[in-house]
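Chemist: what follows is a predicted structure for the sequence shown.
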Amino acid sequence: MLSKKKLEIGAEVEALCNKCKGATIHVIVAIKSEEMVRVMCKACSSLHRFHPPDGKLMKKMVKLKKAKKAKLTPQARETRKWTKLLQQADPEKAVVYSMSKAYVENDLIQHDKFGLGIVVKILDQRKISVVFEEGLKNMVQNMN
Ligand SMILES: [Zn+2]
């Protein structure tokens, strides 16, 4: 059921908006039956069918999120593991990143552009793989 409020054109109702991805105030613009109500979002002006604020749309969004999770590549999963470690890391222990330094796995670094990062892998003498909040990056080391 929609609500106990009387449905009439021009009335304001709370409804889910696909564009705003949440419940916003909508104005009823057309009514065919209780199930077929067209509303206009006051936040983004999009016209769509009425979706109850706690209704199907949210479930659909949750499903989509789950589907995305399942499709993670092994590399993305690996990155996520490191991102988690990063969140638990103590920023005070991080050392400022410098190309001329040498690093070992698990070193916590502070980069002036990417922020806090953890050395995931030593790729070679000159290259390291570091995970930052925005993802995995290859950085240089031992440069003079
Ligand atoms: Zn909207």
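Modeler: Sure thing, it's come through.
Chemist: when you work out contacts or count neighbours from here on, use the C-alpha atoms and nothing else.
Modeler: Fine.
Chemist: what does the protein put close to the ion?
Modeler: 17, 19-20, 41, 43-44 (Cα under 5 Å from the ion).
Chemist: list buried residues within those.
Modeler: 17, 41 (16 or more other Cα atoms under 10 Å).
Chemist: as TSV, the residues of the chain next to the ion with pLDDT would be great.
Modeler: Output for those, formatted as TSV (pLDDT from 0 to 100):
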residue	pLDDT
Cys17	92
Lys19	91
Cys20	93
Cys41	96
Ala43	95
Cys44	96
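Chemist: return the closest of the residues of the chain next to the ion with respect to Thr73.
Modeler: The closest of the residues of the chain next to the ion to Thr73 turns out to be Lys19 (Cα to Cα; 28.2 Å).
Chemist: that's a strand at that closest one, yeah?
Modeler: No - judged by DSSP: H, G, I helix; E, B strand; the rest coil, Lys19 forms no part of a strand; its state is coil.
Chemist: pretty sure it contacts Cys44?
Modeler: Yes - counting by Cα atoms under 8 Å, Lys19 does reach Cys44; the two are 7.4 Å apart.
Chemist: now do the contacts for Leu16.
Modeler: Residues in contact with Leu16, defined by Cα atoms under 8 Å, 6 or more residues apart in numbering, are 22-24, 50-55, 57.
Chemist: now Lys42
Modeler: 24-27.
Chemist: for this protein, what helix or strand is lowest in average pLDDT?
Modeler: helix 56-70 (a mean of 60; mean pLDDT, DSSP states H and E).
Chemist: go ahead and name everything in contact with the helix or strand that it is followed by.
Modeler: Remark: after helix 56-70, the chain's next helix or strand is helix 74-88, criterion DSSP states H and E. With contact meaning Cα under 8 Å, 6+ apart, helix 74-88 is reached by 116-118, 120, 131-133, 135-136.
Chemist: switch the cut-off to 10 Å
Modeler: 69, 71-73, 89, 106, 108, 116-120, 130-136 (Cα atoms under 10 Å, 6 or more residues apart in numbering).
Chemist: next SSE downstream of it?
Modeler: Toward the C-terminus, helix 74-88 is succeeded by strand 95-96 as the next helix or strand (DSSP H and E).
Chemist: what's downstream of that next one, the next helix or strand?
Modeler: strand 108-111.
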